[in-house]
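>>> sequence unknown, structure follows:
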């Protein structure tokens, strides 16, 4: 097993998988498998029902993420999987990260589906870990967060991977928090009116965030009862001045910055009084981690076999 020192400063909790509903995991895995094999499994006829063991190989550096989803995929296929490392571990290639045992045609039914999930989840977790490390290295105390810019049908995996990487998910969906953006405010007529209307249905239990173009907009939102203001597409200099002014007036206000922040510019935005930095690139601009799965055969090194397409 990998050292727990490889798991980001205790931010990643090994029990994180407990937030996932087993019913949802079963549903997703079944839908993914049905999508990949909607009718005949022609390759399954070729290989048959013989019991085999395969290895999952890591082929590029990355943070291991997506284990609960891969477990669910192979559970549906009556295969057993054993992991060599805990989720959240930063690993270097090439090495075996898991072994999967079952009827060979079922191993191959799950192969590409599982690797697709694993590579994407690990890619997000790896980028999240890198961004969080940048912020921590300069002593910034705020939170890095994802956004709602996720892949339709794949959001649960992507949001979960953010957590594995040690960053915040932001709101999960439109029902998780009331976020009033420019189109809401334009239609309502003003920030004050939009917040007033939102409180009618959100009540005391739902936070309200308002997207703001200026410190004046943010002040109006705070005075009207917003819990969070997002300063959108502002320069680091304007952000620092605005955040300082707002915190002096509204010390309990949560200040978020978003828009145009990249890995290269992140450090410039890690500013005192800014509580959250949200980046769409966490779920849109990441590089996938390369994995492959190979049947173990005596006398053959699975690391040297060609990758299945």
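Structure's in. What do you need? Just so it is clear, the model here is predicted, and its values are computed rather than measured.

>>> count of neighbours near the residue nearest to residue 165 when sequence neighbours are not counted?
Closest residue to residue 165 in three dimensions, ignoring its sequence neighbours and counting by Cβ to Cβ, 6 or more residues apart in numbering: residue 128, at 2.5 Å. For every residue, glycine as well, the C-beta is placed using N, CA and C. If you count neighbours by other Cβ atoms under 10 Å, residue 128 ends up with 28.

>>> likewise residue 100?
26.

>>> I'd guess it is in a strand, am I close?
Yes. Per DSSP: H, G, I helix; E, B strand; the rest coil, residue 100 lies within a strand segment.

>>> re the thing from before, just checking, the residue nearest to residue 165 touches residue 161?
Yes. Between residue 128 and residue 161 there is a contact at 7.2 Å, judged by Cβ atoms under 8 Å.

>>> tell me the SS of residue 136?
helix.

>>> any idea how far the most centrally placed residue in the chain is from residue 63?
Taking Cα atoms, centre = their mean, the centroid of the chain lies closest to residue 162, which sits 2.9 Å from it. The gap separating residue 162 from residue 63 is 11 Å, by Cβ to Cβ, to the nearest Å.

>>> for residue 210, what is the enclosing helix or strand?
For residue 210, the host element (DSSP states H and E) is strand 208-212.

>>> packing partners of that strand?
Packing partners of strand 208-212 (3 or more Cβ pairs under 8 Å, 6 or more residues apart in numbering; DSSP states H and E): strand 178-180, helix 182-188, helix 191-202, helix 215-223, strand 228-232.

>>> dump the ones you listed into TSV; add mean pLDDT and mean neighbour count as well.
Formatted as TSV, the helices and strands packed on strand 208-212 follow (pLDDT from 0 to 100; neighbours: other Cβ atoms under 10 Å):
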stretch	mean pLDDT	mean neighbour count
strand 178-180	97	21
helix 182-188	96	14
helix 191-202	96	16
helix 215-223	97	20
strand 228-232	97	23
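
>>> what would those look like in JSON lines with distance to residue 122?
Shown next, in JSON lines, are the helices and strands packed on strand 208-212 (distance: least, Cβ to Cβ, whole Å):
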{"stretch": "strand 178-180", "distance to residue 122": "29"}
{"stretch": "helix 182-188", "distance to residue 122": "35"}
{"stretch": "helix 191-202", "distance to residue 122": "36"}
{"stretch": "helix 215-223", "distance to residue 122": "37"}
{"stretch": "strand 228-232", "distance to residue 122": "29"}
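
>>> mind checking which of the ones you listed is nearest residue 167?
strand 228-232 (16.5 Å; Cβ to Cβ).

>>> the closest residue to residue 29 other than its chain neighbours: what's it in contact with?
Spatially, and ignoring its direct neighbours in sequence, residue 29 is nearest to residue 72 (4.1 Å; Cβ to Cβ, 6+ apart). Taking Cβ atoms under 8 Å, 6 or more residues apart in numbering as the criterion, residue 72 is in contact with 22, 25-26, 28-29.

>>> could you do residue 39 as well?
By Cβ under 8 Å, 6+ apart, residue 39 has no neighbours at all.

>>> ok so it is a strand residue?
No. Looking at residue 39 with three-state DSSP, it is coil, so not inside a strand.

>>> the chain should start at 648 in everything you say after this.
Okay, residue one is now 648; in that scheme the one you just asked about reads as residue 686.

>>> from residue 762, how far off is it?
In terms of Cβ to Cβ, residue 686 sits 22 Å off from residue 762.

>>> and what of residue 744?
Counting by Cβ to Cβ, the gap from residue 744 to residue 762 is 11 Å.
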